[in-house]
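Student: A predicted structure for the sequence below; I have some questions about it.
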Amino acid sequence: MLVRELVGGDPPYACKVIFLDQPAGFGHRVTDAGRVVEHVLTRHAEFEAAVAEKLAEGFAETDRSLTRRVFVADGMFWVVALDGAAVRTRFGKVRADWREASGEGGEREYRDRDRAVAAYHRAVAAKEAEGYQELHPRPVVIPDSPMPPKRSGKRKSR
C-alpha cells in the first residue's frame, strides 16, 4: 500500500491518494463538497498519474508523506514516517487486506527536528539490518525544519 498526502487548493484542504497493491475490492473516491479528499486506486500507473495530476494542480506533499516508508519481512510489515519533531511507526502482520491502520503503532517526540531526523535514519537502518525490505522504494526527501532554530545565549537585562 502506498499513500501520498497532499495539501493545496483554494481554500487549502488535504487529499490522500492511495494505491492498494493487493486489492480486496475496487478503487473509489471520497469527496467533500465536490473536492476529492481520498482517492483509492488499484493500478500503480493510475496512482502515479493521479499524484502527478495533483502536483500539477499546485498541491504539495506533506512532510509525513515525503518521509513515509513501508518495509516487509517474513510476513510482517513496518511503516515509519517523520512528522515534525516526532517519529511515527506502525507494525504488524501482513494479511491479504492489510492497511496502515492495522497493527500496532507508536509515536516518539524529540526535543527538536534534527534529533527526530537522526532517530528516523537509525530506525530505518536497524530494520534494514534485521532483513526488512522496502516496498516501492523511492528517494526520501526530508524537508527543512518548518520553524527556525531557537537562539541560544543570555538575555539582556533591562
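Tutor: On my side now, so go ahead.
Student: thought Lys127 was touching Val79?
Tutor: No. Using CB atoms under 8 Å, Lys127 is not in contact with Val79, being 10.4 Å away. (Glycine included, C-beta is placed from N, CA and C.)
Student: overlap in contacts of those two?
Tutor: Counting by CB atoms under 8 Å, 6 or more residues apart in numbering, the shared contacts of Lys127 and Val79 are Phe71.
Student: Output the longest helix belonging to the chain.
Tutor: Longest helix in the chain, counting residues (DSSP state H): helix 113-129.
Student: by contact count, what packs against that one?
Tutor: strand 69-73, strand 76-83, strand 86-93 (3 or more CB pairs under 8 Å, 6 or more residues apart in numbering; DSSP states H and E).
Student: what about the closest residue to Ala14 other than its chain neighbours, how many residues close to it?
Tutor: Closest residue to Ala14 apart from its sequence neighbours, by CB to CB, 6 or more residues apart in numbering: Val7 at 5.3 Å. Using other CB atoms under 10 Å, Val7 has 14 other residues around it.
Student: Check the secondary structure at Val7 for me.
Tutor: Assigned state for Val7: strand (three-state reduction, DSSP: H, G, I helix; E, B strand; the rest coil).
Student: what domains does the record give for the chain?
Tutor: Following automatic domain parsing, one finds the domains of the chain at 2-61, 64-135.
Student: gap between the two ends of the first one?
Tutor: As for domain 2-61, its first-to-last residue distance stands at 13 Å under the measure CA to CA, to the nearest Å.
Student: The longest one now?
Tutor: End-to-end distance for domain 64-135, by CA to CA: 17 Å.
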